[in-house]
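Peer 1: give me coordinates for this.
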Amino acid sequence: MKRLRHLIPLIVAFPLLAQQPRSGNPPEEGIPVTDPLVISKCGTCHTKDEKGNLSRISWERAAPEGWEEAIKRMVRLNGLSITPAEARSIVKYLATYHGLAPDEAKPVMYLAEHRIQDETLIPNDEVRTACATCHPIARALSWRRASDDWRLLANLHTGLYPEAETAFRRRPGPADAAGGSPRPDGGAPPPQPVDAALRFLGSAAPLHAPQWAQWAARMRTPKFAGRWLVSARIPGRGKYFGEVTIEDAGQDEFRTRVRLRSARDGSVIERTGQGIVYAGYSWRGRSKSSAPAPAASSSAPDSFAADYREVMWFNPDQSHAEGRWFWGEYQEFGFDVTMERASSELTVTGVDISALKTGTQSNTVHIIGNNLPAQLAPADIDLGSGVTARRIVSSNPGELVVDAAVAPDAIPGKRDVSVRRAVLPLAFAVYDHVDYIKVVPDAALARLGSDVHPKGYQQFEAIGYNRGPDSKINTPDDVDLGPVDVNWSVEEFYATYGDDDKEFVGSLGSNGLFTPSSDGPNPARKFSRNNYGDVWVVATAKNEKDSNGKPLVGKSYLVVTVPTYIKWDQPEVGQ
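Peer 2: Model prediction:
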């Protein structure tokens, strides 16, 4: 009740907040709203001016997920009555005409793709404290706002979330009642985190930007129908190649048919789905398996039989796309995908290998492409310096199988692959020695689960590295050699006396998939604790050794914690 009493004044005043007067700064021009449904549903609280602007809305731009989240907040706090079909229509309009330009969206696509990664967009500790304490900075940077609107957002955070005030402001010092602590030299105290964040966001994510002005003029109807060549990779499963056929369903919506083949074992994945495109480039879709999966595999958490969600970024000329197809209760499983529009031209899309060792002979290399010529000679195939295509084993329009040899003195590093004039840059690596391995991700999170709350799994991979041209390991020029064969194990991460987490947190499969235990309490554990804990995930190379003849070893830090009890989804965005 105490929390509810805190929210009541805000809920009552929320419609007025939408009309709050601007600061003394010259007002920025808004973006008029022209869609009748948006005006009808939103105009009750967001007043319309003589220029067609709706308060707040006309001074904001956002990715589809941002607008969908805003609509849900209006339903929860303001009693907005809206159907799923109306919500989809409103999100479609706002994410297109009050959205982000491709160049603005690309740096933060990892948020919509549900990728877990270290963020590099945070400029300083003040912004980290104010914004990234509770959510990724990409969430804020998925919006563009007028300067006054960024400040209104900060006020909303303070009203909705009492803990925001702790993140926004330092505790006052003895000589500075306004906040912060006095500097030893008597100068002004450092800015409050919220003020530093607002300055950063006002500069990095303004309402009006050249990218958006250019894209608003350049935006055109997405014409994605046709055949697309796909290169995909899933951690723990390797590379996949194939094609997607896209059919136009009208009003920027599409139907898809997918066929992928594993480069590792030749298994085939077939799927059908649909997608919607926002702002002429931003794809959100879903797909289902179109072929029955074996009962044993369909029940596995990483089963390809699951329903996928798709997030793709299409480049402005509509010839290339990249993104992620993902599934799982926490979207922890997924393909990294690139697509190229098929044409009548010869195209090379991938190779099945990641690396070749110097001095090796009779290496079988599968070159994947489109319209590969029937009549080819080894001289038509260039595998880079020191690598020779000795003969063509077999060929068809979609694949060449080549027998290749690597010179003993070949220079380590990445190689391009070309077939006549078609080139695939940085297709594979050449190395003389695997100098170390990394387990990726190097820090990870898994979640316990039960019949009520789903488990969160974690897939690990061991990646080999060559020391690179400077002959030093762990430097920027080190060469990624792709996955290496390893034995997986779990070791205790000693954090407390008598640590026993290793025995209870879960199990690690031979393919690097970690399966967490059920949530507790567990009577078999000391104090009947839950099965949470932290451990090392260890990869020991089967064939690669260090200078002392011992197997190479890599480690990742894994935290196994409780389930996420509140889940967020975007059904209106993704079909």
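Peer 1: got the domain ranges for this structure?
Peer 2: 2-216, 226-341, 347-431, 436-561 (automatic domain parsing).
Peer 1: reformat the ones you listed as CSV; add mean neighbour count and mean pLDDT.
Peer 2: Every C-beta, even on glycine, is put in place using the N, C-alpha and C of the backbone. Shown next, in CSV, are the domains of the chain (neighbours: other C-beta atoms under 10 Å; pLDDT from 0 to 100):
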stretch, mean neighbour count, mean pLDDT
domain 2-216, 17, 85
domain 226-341, 18, 93
domain 347-431, 17, 96
domain 436-561, 17, 94
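Peer 1: secondary structure element for the residue lying closest to His114 once chain neighbours are set aside?
Peer 2: Using C-beta to C-beta, 6 or more residues apart in numbering and skipping residues adjacent in sequence, the residue nearest His114 is Gln331, 3.9 Å away. For Gln331, there is no helix or strand it lies in under DSSP states H and E.
Peer 1: and Gln331, how far from Arg76?
Peer 2: 23 Å (C-beta to C-beta, to the nearest Å).
Peer 1: likewise for Ala443?
Peer 2: The value you get for Ala443 to Arg76, if C-beta to C-beta is used, is 34 Å.
Peer 1: same check, this time on Glu163
Peer 2: 19 Å.
Peer 1: what secondary structure does Gly369 sit in?
Peer 2: strand (DSSP: H, G, I helix; E, B strand; the rest coil).
Peer 1: contact partners for it?
Peer 2: Leu346, Thr347, Val348, Thr349, Gly398, Glu399, Leu400, Val419, Ala422 (C-beta atoms under 8 Å, 6 or more residues apart in numbering).
Peer 1: what ranges do the strands span in the stretch 1-150 of the chain?
Peer 2: With strands called from DSSP state E, counting those that start in this stretch, the stretch 1-150 of the chain shows them at 60-62, 143-145.
Peer 1: which residues touch the first one?
Peer 2: When contacts are taken as C-beta under 8 Å, 6+ apart, the neighbours of strand 60-62 outside the stretch itself are 31, 70, 94-95, 98-100, 142-146, 149, 207, 212.
Peer 1: any chance of JSON lines for the contacts of Gly369, columns distance to Gly468 and secondary structure?
Peer 2: Formatted as JSON lines, the contacts of Gly369 follow (distance: C-beta to C-beta, whole Å; DSSP: H, G, I helix; E, B strand; the rest coil):
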{"residue": "Leu346", "distance to Gly468": "32", "secondary structure": "coil"}
{"residue": "Thr347", "distance to Gly468": "30", "secondary structure": "strand"}
{"residue": "Val348", "distance to Gly468": "25", "secondary structure": "strand"}
{"residue": "Thr349", "distance to Gly468": "27", "secondary structure": "strand"}
{"residue": "Gly398", "distance to Gly468": "34", "secondary structure": "coil"}
{"residue": "Glu399", "distance to Gly468": "31", "secondary structure": "strand"}
{"residue": "Leu400", "distance to Gly468": "29", "secondary structure": "strand"}
{"residue": "Val419", "distance to Gly468": "28", "secondary structure": "strand"}
{"residue": "Ala422", "distance to Gly468": "28", "secondary structure": "strand"}
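Peer 1: so for Gln570, what's the pLDDT?
Peer 2: Looking at Gln570, its pLDDT stands at 49.
Peer 1: for Trp143, give its distance to Ala279.
Peer 2: 14 Å.
Peer 1: if we can go back for a sec, out of the contacts of strand 60-62, list just those in helices.
Peer 2: Ala70, Leu94, Ala95, Asp149, Trp212 (DSSP state H).
Peer 1: make a markdown table out of the strands of the stretch 1-150 of the chain and add distance to Ser510.
Peer 2: Shown next, in a markdown table, are the strands of the stretch 1-150 of the chain (distance: least, C-beta to C-beta, whole Å):
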| stretch | distance to Ser510 |
| --- | --- |
| strand 60-62 | 44 |
| strand 143-145 | 44 |
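Peer 1: Asp118: which of those is closest?
Peer 2: Asp118 sits nearest to strand 143-145 of all the strands of the stretch 1-150 of the chain, at 21.5 Å, using C-beta to C-beta.
Peer 1: residues making contact with that closest one?
Peer 2: So strand 143-145 is in contact with 59-63, 66, 100, 104, 153, 201, 205-207, 209, 212, going by C-beta under 8 Å, 6+ apart.
Peer 1: try 7 Å
Peer 2: Applying C-beta atoms under 7 Å, 6 or more residues apart in numbering, the contact partners of strand 143-145 are Trp59, Glu60, Arg61, Ala62, Gly66, Leu100, Glu104, Leu153, Ala205, Pro206, Leu207, Ala209.
Peer 1: what's the first one in contact with, if anything?
Peer 2: Neighbour list for Trp59: Glu28, Gly30, Arg145, Ala146, Asp149, Leu207 [criterion: C-beta under 7 Å, 6+ apart].
Peer 1: widest-spaced pair of the residues you listed?
Peer 2: Gly30 and Arg145 (11.2 Å).
Peer 1: the residue nearest to His114 and Gly273, how far apart?
Peer 2: 16 Å.
Peer 1: quick one: which of the contacts of strand 143-145 is nearest to Tyr497?
Peer 2: Checking the contacts of strand 143-145 one by one against Tyr497 (C-beta to C-beta), the nearest turns out to be Leu153, at 45.5 Å.
Peer 1: please, where are all the strands along the stretch 201-350 of the chain?
Peer 2: 226-234, 238-250, 253-262, 268-278, 282-289, 308-314, 320-327, 333-341, 347-351.
Peer 1: equivalent analysis for the stretch 451-575 of the chain, please.
Peer 2: Using DSSP E, counting those that start in this stretch, strands in the stretch 451-575 of the chain cover 458-459, 461-466, 479-483, 486-492, 506-508, 513-516, 533-545, 551-561.
Peer 1: for the ones you listed, which one sits closest to Ile473?
Peer 2: Nearest of these (C-beta to C-beta): strand 461-466, 7.2 Å.
Peer 1: contacts for the closest one, please.
Peer 2: 235-236, 412, 431, 433-440, 478-484, 486, 512, 539, 544, 554.
Peer 1: and stretch 395-410, by the same measure?
Peer 2: Residues contacting stretch 395-410 (C-beta under 7 Å, 6+ apart): 356-372, 374, 376, 381, 383, 385-394, 419, 430.
Peer 1: go again with 8 Å.
Peer 2: Contacts for stretch 395-410 (C-beta under 8 Å, 6+ apart): 356-372, 374, 376, 378, 381, 383, 385-394, 419, 430.
Peer 1: now do it: distance to the chain's middle.
Peer 2: Its chain's C-alpha centre and that of stretch 395-410 lie 33 Å apart, by C-alpha atoms, centre = their mean, to the nearest Å.
Peer 1: measure that stretch end to end?
Peer 2: This stretch, stretch 395-410, spans 27 Å end to end (C-alpha to C-alpha, to the nearest Å).
Peer 1: go on, stretch 291-304?
Peer 2: 10 Å.
Peer 1: re earlier: which one of the strands of the stretch 201-350 of the chain lies closest to Leu448?
Peer 2: strand 333-341 (17.9 Å).
Peer 1: tell me which strands and helices that closest one is in contact with?
Peer 2: Strand 333-341 sits against strand 226-234, strand 308-314, strand 320-327, with contacts defined as 3 or more C-beta pairs under 8 Å, 6 or more residues apart in numbering; DSSP states H and E.
Peer 1: swap in 7 Å and give it another go.
Peer 2: strand 226-234, strand 320-327 (3 or more C-beta pairs under 7 Å, 6 or more residues apart in numbering; DSSP states H and E).
Peer 1: could you dump these to JSON lines with distance to Ala85?
Peer 2: As requested, the helices and strands packed on strand 333-341 are exported to JSON lines (distance: least, C-beta to C-beta, whole Å):
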{"stretch": "strand 226-234", "distance to Ala85": "28"}
{"stretch": "strand 320-327", "distance to Ala85": "25"}
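Peer 1: out of the ones you listed, which is closest to Ala138?
Peer 2: Per C-beta to C-beta, nearest to Ala138 of the helices and strands packed on strand 333-341: strand 320-327, 14.1 Å.
Peer 1: give me the residues contacting the closest one.
Peer 2: 109, 113-115, 306-314, 333-340.
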